[in-house]
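Asker: sharing a model that was predicted from the sequence below.
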Amino acid sequence: MYRLVNRSFGRGRLGGLRYGANLLGQAAGRGLYLAAGFAAFVMIGHAAGPEVLGRYGLALAVLAVALIAADFGTTLTFGARLGAVGPEMRATEFGRMLSARLILGLGSGTVLLCLLPLLPGAIRPSLAFAGLLMPLTAARFLDALFQVCERPSWSVWPSLANAATLIGGTALALWLQLPEPALSLVAVAAGITYGVVGLSLAGRLVAARPASLSDGLATIRAAAGVGISNALGSLNGRISLMMLAAFAGAVELGQFTAGFRVFELGAAVAITLCAPLVPVFGRAVGTPAGRSAGGLEALRTHVRIALTVIVGAACACAVAACALAEPLVRLAFGSDFGGAVPVVRVATVMSVLLIAATILFAGLVPLGRTAFAVRGSAAACATNLIACTLLIPRDPLIGAAGAALLAEAAMLLVLVHAFWREAGPPLELATVPLLAGPGLATAFAWAAFPAPLAPVTVPAVAILSAAAAAWLCLRRVPAQTVPLTVSEASS
């Protein structure tokens, strides 16, 4: 993937937007963020059991929907604009973003406060805290700014502050045996810490002056297609959990929350891998005024390589996770969470579909073609809701997970159709073996080797096959993938 946008334009000269360095910086920050969240889940699952973990997961699910509403697609469009404009316009774009996020944060926070009476009492204090400080709680849009300002490693510092607050606070609350609401309060406080540190660092790069109200509203309108789609997509990802909370007991909810955490990790991995691609895709396509057939060809090439390399590796990891699901769940959450094993296996498949969909969506954002996503997300939500109604009464855990999987597949089909219509087929027939090969090789290792050797052989085959497929794919990258000058590339 590094060669995709770090290709030499002329011997020894760098082109592109340094995806490798940007991905490394953002992945380090996102890795800390994910590790902290997972560690908190593990600590609560071991110390408090499935019921408390279920309510904790419900609090985070409600908060995640509120955060998506407070974002409303502006993070993606902000990244695309930063990749397309010159350095002199960064402060202007940042000011517009700040104004838009203040408006959205105040609005979504108010709605969350109004919904508190409908939620369990144990999670109301934390969600009230988040609602009152929603602009800070939702300030998680700064990776693109760090990237274009050549400070991708700065993404680590907000995540480090979040991790220290979340892990330290959760451990302290469990050690002191504080009331249950303290656990979700710590999670919200960690998110606010992330926002404060991130905004402080951003202020060192560009002037942090919010733009006018009209500019903020214009920014929101420009992101409306992405925003509505993301809001529906976030709701879609949590309908199963909410329906399970309504129709099943707290123990089932805790089992599902533990297993579905794998999908949450997959979603975060998708964002980590694809967020640096948005400015790259935006630079490949160019501004609407200067867009040409060559720009669409460059975009199609980038998307095809990203799909082949990233989704191929994701398939191998998903098969490995399915093979090792039982010992991993037992190790992470303990023997009380055996019901989470089948949920983990379904969630890994969902993660692969989500990663593919996110890459396609990142490719469509620079084209300005986002209205389709609203219809697709609405269809996915409807699919999820209907499937939950039919399947959860039969088998609560498998039914909820299966409904979520069907909804994710529906959304991916919509994105494939949209990208094909706008830019051509997202895959070449010749690259399909490279995409499917790592997953098939890992599945063969799972079936062929004795079960006691699976913890070693399956991950090893997954890593080696994914690396081999990536190397073979990147050998096919043309020497001039993105024809940028050195000064353009460094912006």
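Answerer: In hand now; what should we look at? Numbers count the residues shown, from 1 in each chain.

Asker: quick one: low-confidence ranges for the stretch 51-200 of the chain?
Answerer: Within the stretch 51-200 of the chain, the stretches with pLDDT under 70 are 79-80, 82-86.

Asker: helices of that one, residue ranges please.
Answerer: 74-84, 90-115, 124-132, 134-137, 143-148, 156-175, 181-202 (DSSP state H, counting those that start in this stretch).

Asker: out of those helices, nearest to residue 306?
Answerer: helix 74-84 (15.1 Å; C-beta to C-beta). In short, each C-beta sits where N, CA and C put it, glycine included.

Asker: which is the next helix or strand following the helix or strand containing residue 302?
Answerer: Using DSSP states H and E, residue 302 sits in helix 293-306. Next in sequence after helix 293-306, counting helices and strands by DSSP H and E, comes helix 312-323.

Asker: mind listing the helices for the stretch 301-450 of the chain?
Answerer: With DSSP H, counting those that start in this stretch, the ranges of helices along the stretch 301-450 of the chain come out as 312-323, 325-333, 340-364, 371-391, 396-423, 432-448.

Asker: save those helices as a markdown table, and put in mean pLDDT too.
Answerer: Shown next, in a markdown table, are the helices of the stretch 301-450 of the chain (pLDDT from 0 to 100):
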| stretch | mean pLDDT |
| --- | --- |
| helix 312-323 | 85 |
| helix 325-333 | 84 |
| helix 340-364 | 86 |
| helix 371-391 | 83 |
| helix 396-423 | 87 |
| helix 432-448 | 83 |
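
Asker: and of these, who's closest to residue 245?
Answerer: Closest to residue 245 of the helices of the stretch 301-450 of the chain is helix 396-423 (C-beta to C-beta; 9.9 Å).

Asker: what residues of that closest one count as buried?
Answerer: Neighbour-count burial for helix 396-423, counted by 16 or more other C-beta atoms under 10 Å, picks out 396-408, 410-412, 414-416, 418-419, 422-423.

Asker: with stretch 120-130 instead?
Answerer: Of the residues in stretch 120-130, 122, 123, 124, 125, 126, 127, 128, 129, 130 count as buried by neighbour count, 16+ other C-beta under 10 Å.

Asker: nearest to residue 389, of these?
Answerer: residue 123 (24.5 Å).

Asker: just give the nearest non-adjacent residue to that closest one, would you?
Answerer: Closest residue in space to residue 123, ignoring its immediate chain neighbours: residue 59 at 3.8 Å, by C-beta to C-beta, 6 or more residues apart in numbering.

Asker: identify each buried residue in stretch 333-347, please.
Answerer: Within stretch 333-347, the residues scored as buried using 16+ other C-beta under 10 Å are 333-334, 336-337, 339-347.

Asker: now distance to residue 43 too, for these, in JSON lines please.
Answerer: Compiled in JSON lines, the buried residues of stretch 333-347 are given as follows (distance: C-beta to C-beta, whole Å):
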{"residue": "333", "distance to residue 43": "10"}
{"residue": "334", "distance to residue 43": "11"}
{"residue": "336", "distance to residue 43": "14"}
{"residue": "337", "distance to residue 43": "14"}
{"residue": "339", "distance to residue 43": "20"}
{"residue": "340", "distance to residue 43": "16"}
{"residue": "341", "distance to residue 43": "20"}
{"residue": "342", "distance to residue 43": "24"}
{"residue": "343", "distance to residue 43": "20"}
{"residue": "344", "distance to residue 43": "19"}
{"residue": "345", "distance to residue 43": "24"}
{"residue": "346", "distance to residue 43": "25"}
{"residue": "347", "distance to residue 43": "21"}
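
Asker: could you identify the most distant pair in the residues you listed?
Answerer: Top of the distance list for the buried residues of stretch 333-347 (C-beta to C-beta): 334 and 346, 20.8 Å.

Asker: nearest to residue 100, out of the helices of the stretch 301-450 of the chain?
Answerer: helix 371-391 (18.6 Å).

Asker: what packs against that closest one?
Answerer: Judged by 3 or more C-beta pairs under 8 Å, 6 or more residues apart in numbering; DSSP states H and E, helix 371-391 is in contact with helix 224-247, helix 340-364, helix 396-423.

Asker: buried residues, that helix. List them.
Answerer: So helix 371-391, judged by 16+ other C-beta under 10 Å, has buried residues 372-374, 376-381, 383-385, 387-388, 391.

Asker: show me what contacts residue 383?
Answerer: Residues near residue 383 by C-beta atoms under 8 Å, 6 or more residues apart in numbering: 403, 406, 407, 410.
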